[in-house]
Structures are given as structure tokens and as C-alpha cells.
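Colleague: Quick one, what's the 3D model for this:
(chains A, B, C and D)
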2 protein chains.
Amino acid sequence: MTVTNNSPNERGPRRKRMPRAQRERQMLDVAVQVFAQRGYVATSMDEIAERVGVSKPMLYEYFNSKEGLLLAAIRDARNELRLVTEQATVGATSGKEALERGLLAFFRFIDGRKEAWSLLRQEMAFIGSSASEEVEAIREQQTALNAKLLQAYLPIGAQREAEAAAEMLVGACERIAVWCERHDDITPELATQYTMNLIWDGLANRQAAAESTQKLPTTR
Amino acid sequence: MTVTNNSPNERGPRRKRMPRAQRERQMLDVAVQVFAQRGYVATSMDEIAERVGVSKPMLYEYFNSKEGLLLAAIRDARNELRLVTEQATVGATSGKEALERGLLAFFRFIDGRKEAWSLLRQEMAFIGSSASEEVEAIREQQTALNAKLLQAYLPIGAQREAEAAAEMLVGACERIAVWCERHDDITPELATQYTMNLIWDGLANRQAAAESTQKLPTTR
DNA sequence: CGCCTACCTTACTATGAGTAGGTTACTTCC
DNA sequence: GGAAGTAACCTACTCATAGTAAGGTAGGCG
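Modeller: Numbers count the residues shown, from 1 in each chain, chains lettered A, B, ... in the order given. Sure thing, here's the model as predicted:
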């Protein structure tokens, strides 16, 4: 199936050599696929090596361990996600709009890049390992961004609370994203709306505002 | 250290036999400890067996697989958590109070039963496995409960949104709980307050409540 | 050309999940 | 008491896979 990279049907094990960076990219791409599909535990390094068209020690040469490979893949995917959401917020004319756009970008990413998302969910595999701090550090880039945005809406000096709110926001999004997978009638737009309803308006005000609001169904 | 269960210092490998239910309990207790401490991946069935004071095939006899054991342990811990939070809400005189009490109970659980909490976080180990649906089913018991509570605060017939809100609530709590671990100055009470501030009041109103410094109010 | 370096391999070890098949203690019923 | 049955338990394996040691090969550069 996967025509790795060799001279296609020619006999002989004539692997093409390639520069480190390129190989690394290749390995990461395959790793994302396999980890996402099978899950961390059920994934074998042998399989990844084979699909890349290279031998196992190469993987270890480049990533040190199975965890290292997963970590690199996660870092990669998270960077991409962060970039996408960050980009989405530029040009917003209000904090609310920035939040809304960020959320929409997030849910669209989830919806469109199922593979990357599935990979990101595997970060819990690191619990109890030395790399778990590293994972949290990667996450923090995202939450720090959000905290800055949210800070404007909290009492001055409520640094801590802004951080907490950012964490909650991220947690809420991740959880609802999982939930969306089981309800395919929920579009990114709808997910965004639900999230805004809760996070922005708050439960106390939802009931009051209940009668009048009913916007953007935007089905596909 | 762990004086497993045998005749304490007596010589000989004279293991005491015990009824299935009792052994099972024992195994689960040890499993919780070890999984929580080492993480799923780094935990070996051999170690658990040894700490229980029993041979490996017994574990498989009772739980079928490593995943099965983790699943049973998680189910156990989640039941306990659900019980605790559920109990906390009885006697509340308003939905708001119920929510508040539930949150506090949750954060106290997290704070007091670190082991169980660490275990619960491992559920992502199931991604890509056949048991992942089972895990979601267990979670659903919790969210269904919350959805019912939240429904009162949403437009009539907004079933879906109530579910979504419940998921978000749970996600937010779980994430902030992780965050709390890295900030030990955050008490359960404070965590509860932060959560209520965001979920109940909503960002829009937090801003109003605090003399905002930043730009545009964006109200309707 | 011949050597050097970076890419790559074959062929191992070690560990840990899961199992086959037998053994021992406790209960039951005569 | 003792035979018979059963539930708890064990030893001793197989097999997959994470990780490693030690060496081979392409291609650039003096």
C-alpha cells in the first residue's frame, strides 16, 4: 500500500538515502498516522519503521525512544493547532470576536484534521513518565495565549484566575470535541455557539436570554 | 514494605487462600496504587501480581487483560467520585448551590484522593482500543447527571446544548484539577470559586463586575 | 584514488503480556 | 473419617516488541 520511498518495483533493497531533516519529516508523518490510528500502546516501532521504509535503529537514532517519537509528533501537531487558532484571532475587533474566531478555528481543525486531533489526545500516555512535564510545557503555550486574551475580562490583578479560566476553556473545548465525535450532527459552528453561550454568557444569563437568541444554524 | 497477605514472617510460601471477591478487591487496590504511581504503560502485571502476593495468571483469570484491570480500576474510582459529588448536591436549595456543592466535592476529592485521580487520568490509554467506548459509557454516567442539573438553566428543549454544557463543565473541571497540581496554593474552595465565576457568571459579566480597563464592552 | 563521515543495516538482548496445563487446599456428602 | 468435586492457585512456558551493539555502504572531498 504505502509505496515508501525506494525504487518502486526494482528488485534489490536499494533504499534511497536522504538528508536527516527530510527523513525526520517522513518519520513524523508516518508516526502521526500510526499513533492516531492504533493508539500509543498498540503501536509498534517496527511497524512505523517498516512503513517509513527504514530500519528500526534509525527511529531510535532520531527520536531516542517510543515516547520521544510520540512527543515529537504531539509537539508538531500542537504547534500547528496553535498557529491556526492564533491566526484566526487576528483582525478581530473585540475580545469576544477574537474568542469566537479562535473557537471556530479550533473546532474546524478538530473536524478537518481528525488524525492530528486523535494524536493530541494521546498525551495522557505520558502520565507518570519523565516527559509529562514536557507535555504540560507544550500545552502551556496554548493556555498562556488564552490567558492573555481572557485577562481583559477579569478583575485587574486576577492573574491566577485568568490562568485558571484559560485552562478551563481549553479543557472544555477538548472535552466537547470528543463529544462531537459521537454526535456528527454537531457542526464546528454549533460547537462554537454552545461554547460561547456557556463561557461568555454564563449559565445564570442563559435562561434569561433564552427566548430571543437563535442564530447561525449553518448546516452543511 | 508491603506485607502482602501471607502469614507474615512464617517461613515457606504458604499463601492464604481467600474467596474470589476478597482477592479481587485486593488486586484492584494494588492496581490503583501501581497504575497511579507508574502510569499505565510503565506498569507491569508482574509487579502487581507480586505486590498482591499472587501469581500472574490469577490476574488474568479475574480481569482478562491489562486493559481489563485498568478498566475495572477506573470504573471503581469513577463510581466513587460520582457517589461523592452526587451526595454533595442533596439538600441544596437552588441549582446554583447544587452546582457549587458538587464542584467543591469534586475538588476536595481530587485534593484528598490523589491516587484515584491520577488513575482516572489514565483513561486516555484506551484510545484506539475496543474498550474506549466502555470508558465513555462510564463517563456518561457523570455527564448525564450534570446535564440534568444544567437543563434548568437553558432554553426549553435545548437537550443537546445541555449535554454539551455538561461535557464542557466536566472537561473544565478535569483540566483545572491538573492545573491545581502545579499550583498548590489553590485550595478546593478557590478552585470552586474560579469555576463558578466562569461557568455561572460568564466572561461577559465578570467584566462588568470588575471595572474593566480594556476596550469595548461588546454588549447588546 | 582512498579516506571520512553520515546514513543505514542485520542481528541480537531483555522485558513483559498473555497462556497451557497441572497442583493444592477447602467443602460436601456419604 | 474419607472419597469426590471444585475453586483457588502455581510453574513454566510462548511470543511480541522496546531498545542496542556492531558493523556495512554511499558519496563527498583531499
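Colleague: What is the burial count for residue A:31?
Modeller: 25 (other CB atoms under 10 Å in any protein chain shown). No exception for glycine: its C-beta is placed from N, CA and C like everyone else's.
Colleague: how close does it sit to DNA strand C?
Modeller: Computed as CB to the nearest atom of the strand, to the nearest Å, the residue A:31 to DNA strand C distance reads 15 Å.
Colleague: how long is stretch A:108-124 from one end to the other?
Modeller: 23 Å (CA to CA, to the nearest Å).
Colleague: wait, does that stretch make contact with DNA strand D?
Modeller: No: Stretch A:108-124 stays clear of DNA strand D (CB under 7 Å from any atom of the strand), getting no nearer than 13.6 Å.
Colleague: Briefly note if that stretch comes near chain B.
Modeller: Yes: against chain B, stretch A:108-124 shows contacts by CB under 8 Å from any CB of the partner chain at A:118, A:121-124.
Colleague: Quick one: residues in contact with that stretch.
Modeller: A:32-33, A:35-37, A:39-40, A:70, A:73-74, A:77-78, A:80-81, A:84-85, A:135, A:139, A:174, A:177-178, A:180, A:187-188, B:121-125, B:127-128 (CB atoms under 8 Å, 6 or more residues apart in numbering or on different chains).
Colleague: Next, the buried residues of the one helix or strand residue A:117 maps to.
Modeller: Assigned by DSSP states H and E, residue A:117 falls within helix A:114-120. For helix A:114-120, burial by neighbour count (16 or more other CB atoms under 10 Å in any protein chain shown) applies to A:116-120.
Colleague: and the following helix or strand past that helix, average pLDDT?
Modeller: Using DSSP H and E, the helix or strand that directly follows helix A:114-120 along the chain is helix A:132-151. The pLDDT scores in helix A:132-151 average 92.
Colleague: Could you report the neighbour count for the residue lying closest to residue A:182 once chain neighbours are set aside?
Modeller: Among residues not flanking residue A:182 along the chain, residue B:136 sits closest, at 7.3 Å (CB to CB, 6 or more residues apart in numbering or on different chains). A count of nearby residues for residue B:136, using other CB under 10 Å, gives 16.
Colleague: Over to residue A:139?
Modeller: Using other CB under 10 Å, residue A:139 has 20 neighbouring residues.
Colleague: Please tell me how far it sits from DNA strand D.
Modeller: Residue A:139 sits at a distance of 23 Å from DNA strand D (criterion: CB to the nearest atom of the strand).
Colleague: how about that residue, what does it touch?
Modeller: A:78, A:123, A:170.
Colleague: Surely the first one touches residue A:138?
Modeller: Looking back up the chat, that one is residue A:78. Yes: between residue A:78 and residue A:138 a contact is recorded at 5.3 Å, counting by CB atoms under 8 Å.
Colleague: Any chance you could note which residues of chain A sit beside DNA strand D?
Modeller: A:17, A:43-46, A:56-57, A:60, A:64-67.
Colleague: Mind doing that once more with 10 Å?
Modeller: A:12-18, A:38, A:40-49, A:55-61, A:63-70, A:129 (CB under 10 Å from any atom of the strand).
Colleague: And the buried ones among those residues, selectable in ChimeraX?
Modeller: Only the buried entries of the residues of chain A next to DNA strand D go into this ChimeraX selection, using 16+ other CB under 10 Å:
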select /A:40,41,43,45,48,49,59,63,66,67,69,70,129
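Colleague: Any stretches of chain A with poor pLDDT?
Modeller: Along chain A, the parts satisfying pLDDT under 70 run over A:1-15, A:207-220.
Colleague: one more time with 50
Modeller: Low-confidence segments of chain A (pLDDT under 50): A:1-14, A:210-220.
Colleague: hey, where'd the strands end up in it?
Modeller: Applying DSSP state E to chain A gives no strands.
Colleague: That one against DNA strand C: which residues are in contact?
Modeller: Chain A comes close to DNA strand C at residues A:4-6, A:13-24, A:26-27, A:41-42, A:46, A:49-50, A:52-62, as judged by CB under 10 Å from any atom of the strand.
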